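Participant: sequence first, predicted coordinates after that:
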Amino acid sequence: MRSHKSDQSDGRSRPASRQSLRVLVLLFAMVVGMLPWAGAAQAHGTIINPASRAYQCWKTWGNQHTNPAMQQQDPMCYRAFQANPDTMWNWMSALRDGLAGQYQPRTPDGQLCSNALTRNNTLNQPGAWKATTVSRSFTVNMYDQASHGADFFRVYVTKQGFNPATQSVGWGNLDLITTTGRYAPAQNISFNVSTSGRTGNHVMFVIWKASHMDQTYMWCSDINIV
């Protein structure tokens, strides 16, 4: 009899248990749905004008990255999305910690545009990246979602004669044109640069040393100087 009562009790509890489990699963799904996007845990920023390579691909193709027209209209972004969509979804997170100012020694030639991050390696590839048309003097705009401020920005531009369609960016291809001072925490930071003596297609390379810790970002933006 004792065993029979136990069976009856188990039979009654199973539907209730299943119902409780469904409720817990639903609650868990709701909580997960309310959490910030996983990339936001490291969300910071990038150069939005002239747009960095990952940002340009995300801005242009983020809502239609499966559009077959992309392969012909923007082959470099197409390759980047095919290789690793996270490069574009996490356009704000091209960071490395603890470089201690050793930017050149710890960033090999040919890996500058990815900030030496393997997951972003497609950004290093030479090719027909979409370029922003600028004058010889123009304003650089950086968006920092987390408002960390900057110890400084260093802005480089490729030497006259460099061909972004066939050459990957190395330190020897660059001239330092601007080093800024500090910037207080803000989501939007702008500063002016001059590319004296250059015309045509170039790569602008920017190093951002964030103020909140030893955290360094590096990006390439394609420009057409007119």
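Facilitator: Looks like it came in fine.

Participant: list the contacts of the residue nearest the centre of the chain.
Facilitator: Using C-alpha atoms, centre = their mean, the residue of the chain that lies closest to the mean C-alpha position is Trp91, 2.0 Å off. Residues near Trp91 by C-beta atoms under 8 Å, 6 or more residues apart in numbering: Thr46, Ser52, Ala54, Tyr55, Cys57, Trp58. Every residue, glycine included, has its C-beta placed from N, CA and C.

Participant: where do the strands sit along this protein?
Facilitator: Ranges of strands in the chain, per DSSP state E, are 45-49, 95-97, 132-134, 137-144, 150-158, 174-179, 188-194, 200-210, 215-225.

Participant: any chance of those in CSV with mean pLDDT, mean neighbour count and distance to Gln73 as columns?
Facilitator: CSV is the format used below for these (pLDDT from 0 to 100; neighbours: other C-beta atoms under 10 Å; distance: least, C-beta to C-beta, whole Å):
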stretch, mean pLDDT, mean neighbour count, distance to Gln73
strand 45-49, 97, 22, 21
strand 95-97, 96, 15, 30
strand 132-134, 98, 15, 16
strand 137-144, 97, 17, 25
strand 150-158, 98, 21, 25
strand 174-179, 98, 15, 29
strand 188-194, 98, 15, 29
strand 200-210, 98, 22, 18
strand 215-225, 98, 23, 15
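
Participant: Pro75 is nearest to which of those?
Facilitator: strand 215-225 (13.4 Å; C-beta to C-beta).

Participant: now do the helices in the protein.
Facilitator: 2-34, 53-61, 70-73, 75-83, 86-89 (DSSP state H).

Participant: can you give me the end-to-end span of stretch 56-68?
Facilitator: End-to-end distance for stretch 56-68, by C-alpha to C-alpha, to the nearest Å: 18 Å.

Participant: from Ser135, how far out is the residue nearest to the centre of the chain?
Facilitator: 25 Å (C-beta to C-beta, to the nearest Å).

Participant: give me the low-pLDDT residue ranges for this structure?
Facilitator: 1-43 (pLDDT under 70).

Participant: these two touch, right, Val157 and Asn173?
Facilitator: No: in this structure Val157 lies outside contact range of Asn173 using C-beta atoms under 8 Å: 9.6 Å.

Participant: joint contacts of these two?
Facilitator: Val203.

Participant: please name the nearest non-neighbouring residue to the residue nearest to the centre of the chain.
Facilitator: Ala54 (4.1 Å; C-beta to C-beta, 6 or more residues apart in numbering).

Participant: can you pull the domain assignment for this structure?
Facilitator: Listed domain ranges for the chain are 1-35, 44-225 (source: automatic domain parsing).

Participant: ok, Met70 - contacts?
Facilitator: Contacts of Met70 (C-beta under 8 Å, 6+ apart): Trp61, Gln64, Cys77, Tyr78, Phe81.

Participant: and these, which are buried?
Facilitator: Trp61, Cys77, Tyr78, Phe81 (16 or more other C-beta atoms under 10 Å).

Participant: tally up the residues packed near Pro50, please.
Facilitator: 23 (other C-beta atoms under 10 Å).
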